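Student: Curious how this folds, go ahead:
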Amino acid sequence: MVEPGNDSDSDRSLRSTAEELFLAGVGVVALTKERSEELVDELVGRGKVSREEARTIVDDVVGRWRGEALRVGERASATFSGLFRELGLVTRREYEELELRLAQLEHRLRLVEKD
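Tutor: As a prediction, this is how the structure comes out:
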């Protein structure tokens with residue numbers, strides 16, 4: 001049994017993944033088109049880069065953030081799926097498949113009982 005204050009590795013991993021997913025999502029959402037234009041203007045205003053270079057830099061960073069958000073989301077999904085499996089839970093799709101199989105078996109049983 002885990003003592004209070006002593007999280008297991010899977011609990012820490014789950015918490016870490018959830019935090020990463022949340023922060024990545026916030027980062028991607030926060031960097032809107034308007035904000036990216038502001039960043040471009042700021043870089044150009046400092047006179048260190050041209051507008052094209054600034055646009056390329058901002059687009060590259062946004063692309064990496066979005067890619068990271070997708071990877072974190074995939075990892076979180078895999079982590080949650082693993083956790084659900086360990087807890088003996090099923091996905092909605094698995095539940096619906098079982099429900100369909102049960103309905104088919106009930107139908108077959110009714111057909112057999114009629115004979």
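Student: tell me, what residue is most central in this protein?
Tutor: The centre of the chain sits closest to Gly73, judged by Cα atoms, centre = their mean, with a distance of 2.2 Å.
Student: Pull the number of nearby residues for Gly63.
Tutor: 10 (other Cβ atoms under 10 Å). To be clear about C-beta, it is placed using only N, CA and C from the backbone, and glycine gets the same treatment.
Student: Which residues in the helix or strand harbouring it does the neighbour count mark as buried?
Tutor: Per DSSP states H and E: Gly63 is located in helix 51-87. Buried residues in helix 51-87, defined by neighbour count with 16 or more other Cβ atoms under 10 Å: 54-55, 58, 62, 69, 72, 76, 79.
Student: and that helix, how far from the chain's centre?
Tutor: 8 Å (Cα atoms, centre = their mean, to the nearest Å).
Student: same thing with stretch 38-55?
Tutor: That offset, for stretch 38-55, works out to 32 Å (Cα atoms, centre = their mean).
Student: Endpoint to endpoint, it covers what distance?
Tutor: By Cα to Cα, to the nearest Å, the extent of stretch 38-55 from end to end equals 10 Å.
Student: Now it: average pLDDT?
Tutor: Averaging pLDDT along stretch 38-55 gives 78.
Student: what comes into contact with that stretch?
Tutor: 57-58 (Cβ atoms under 8 Å, 6 or more residues apart in numbering).
Student: please redo it, this time with the cut-off set to 10 Å
Tutor: For stretch 38-55, the external contacting residues (Cβ atoms under 10 Å, 6 or more residues apart in numbering) are 31-32, 36-37, 56-59, 61-62.
Student: I'd like those laid out as a markdown table, including distance to Val112.
Tutor: Shown next, in a markdown table, are the contacts of stretch 38-55 (distance: Cβ to Cβ, whole Å):
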| residue | distance to Val112 |
| --- | --- |
| Leu31 | 62 |
| Thr32 | 62 |
| Ser36 | 65 |
| Glu37 | 69 |
| Thr56 | 70 |
| Ile57 | 70 |
| Val58 | 68 |
| Asp59 | 65 |
| Val61 | 65 |
| Val62 | 61 |
